[in-house]
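Peer 1: here's my sequence, what's the structure:
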Amino acid sequence: MALIRSILHLLWMALTIVPWALAVVVASPFLSSDRVYWMCAGWLRTAVNGGIAILGIQNRITGWENLPLGKKDPAILLVKHQSTWETFVMPAIMPHPLAFVFKRELLYVPFFGWAMSRMDMIHIDRSQRAQAFNKVVAQGKRLLAQGTWVIMFPEGTRIPRGQVGTYKSGGTRLAVETGAPVIPIAVTSAKCWPRKAFIKRPGIVDISIGKPISSEGRQPDELMREVQDWIEAEMHRLDPDAYPPQAPAPSAGSATRAD
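Peer 2: A predicted model of the protein is given here:
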């Protein structure tokens, strides 16, 4: 049954992304960046709703009260990355437009990438590290000023359930440069949608939104250690079966600079 559900959901996404992406490409020259964003977020909600109805994946979200309330209040979301699910869910549930920081190669993915290229996000060339971060700062300042929240996955790639990746300090460096607070978010998506797995399982994905952490007067590495400590402790609390019994939450290692 899980295999059949997974195939049906993949078909659902494939059948809906083609007309949606083409509509975005055609309409984007005549729409504001906000309208283009919400148009694309509409397809992501469709993918998430399909996951709920077809795969049986439910989201349990806590910590809504920790999100900034003002229309132009800045925020940098630093999210645990276990699967594709959170890349769909975050734009689908957040009240502000989000700007992902991602490698520009994704823009060449048929339909999905074409639609992404019409959105006001931050795509970087990882082969040019210094220039890439300068671009993140310049575009991040502009986006945060207009009320768009920047979202980053500090581990950089999807991490298997129960494991900890290397937390890179790109997100906290941006926070320190812009003065924006960081909001740590723990996500247990691998319980239902494991990394690189085709077959998905029904269940509950916990999304825990932490309290904003001020970046004022902080050092990026030290701030990232606090973010890592909170996220990994929260992951142990939300998904204890993924970790060895009685194992303490790992202390944050040295956060490295972003690629």
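
Peer 1: any idea of the mean pLDDT in stretch 105-118?
Peer 2: The predicted model assigns stretch 105-118 a mean pLDDT of 82.

Peer 1: neighbours of the closest residue to K72 other than its chain neighbours, how many?
Peer 2: Excluding its sequence neighbours, the residue lying closest to K72 (Cβ to Cβ, 6 or more residues apart in numbering) is G147, at 4.5 Å. The way it works is simple: take the backbone N, C-alpha and C, and place the C-beta from them, glycine included. Other residues lying near G147 total 16 when counted by other Cβ atoms under 10 Å.

Peer 1: M116 now?
Peer 2: With other Cβ under 10 Å as criterion, M116 counts 20.

Peer 1: list the contacts of it.
Peer 2: The contact partners of M116, taken as Cβ atoms under 8 Å, 6 or more residues apart in numbering, are C40, F102, L106, L107, V109, H123.

Peer 1: rewinding a little: surely the residue nearest to K72 meets H96?
Peer 2: Yes: G147 is within contact range of H96, at 6.1 Å (criterion: Cβ atoms under 8 Å).

Peer 1: which parts of this structure are helices?
Peer 2: Remark: helices assigned in the chain by DSSP state H are 2-27, 33-50, 85-93, 112-116, 129-145, 170-178, 220-238.

Peer 1: out of the ones you listed, which is closest to V205?
Peer 2: helix 85-93 (6.4 Å; Cβ to Cβ).

Peer 1: with just CA atoms, put stretch 164-184 into PDB.
Peer 2: Provided in PDB are the C-alpha atoms of stretch 164-184 (Å, rounded to 0.1, in the frame of the first residue of the first chain):
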ATOM      1  CA  VAL A 164      23.500  15.400  12.900                       C
ATOM      2  CA  GLY A 165      25.100  17.100   9.900                       C
ATOM      3  CA  THR A 166      27.700  19.800  10.000                       C
ATOM      4  CA  TYR A 167      26.000  23.100  10.900                       C
ATOM      5  CA  LYS A 168      27.500  25.800   8.700                       C
ATOM      6  CA  SER A 169      27.300  29.400   9.800                       C
ATOM      7  CA  GLY A 170      26.100  31.000   6.600                       C
ATOM      8  CA  GLY A 171      22.700  31.700   8.100                       C
ATOM      9  CA  THR A 172      24.000  33.300  11.300                       C
ATOM     10  CA  ARG A 173      26.600  35.300   9.300                       C
ATOM     11  CA  LEU A 174      23.700  36.700   7.300                       C
ATOM     12  CA  ALA A 175      21.800  37.400  10.600                       C
ATOM     13  CA  VAL A 176      24.800  39.300  12.100                       C
ATOM     14  CA  GLU A 177      25.300  41.300   8.900                       C
ATOM     15  CA  THR A 178      21.600  42.300   8.700                       C
ATOM     16  CA  GLY A 179      20.600  42.400  12.400                       C
ATOM     17  CA  ALA A 180      17.700  40.100  11.800                       C
ATOM     18  CA  PRO A 181      16.800  37.500  14.500                       C
ATOM     19  CA  VAL A 182      17.200  33.800  13.700                       C
ATOM     20  CA  ILE A 183      14.300  31.300  14.300                       C
ATOM     21  CA  PRO A 184      15.400  27.700  14.800                       C
END
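
Peer 1: hmm, back to that, between G147 and H96, what contacts are shared?
Peer 2: Common neighbours of G147 and H96 (Cβ under 8 Å, 6+ apart) do not exist.

Peer 1: noted, bye for now.
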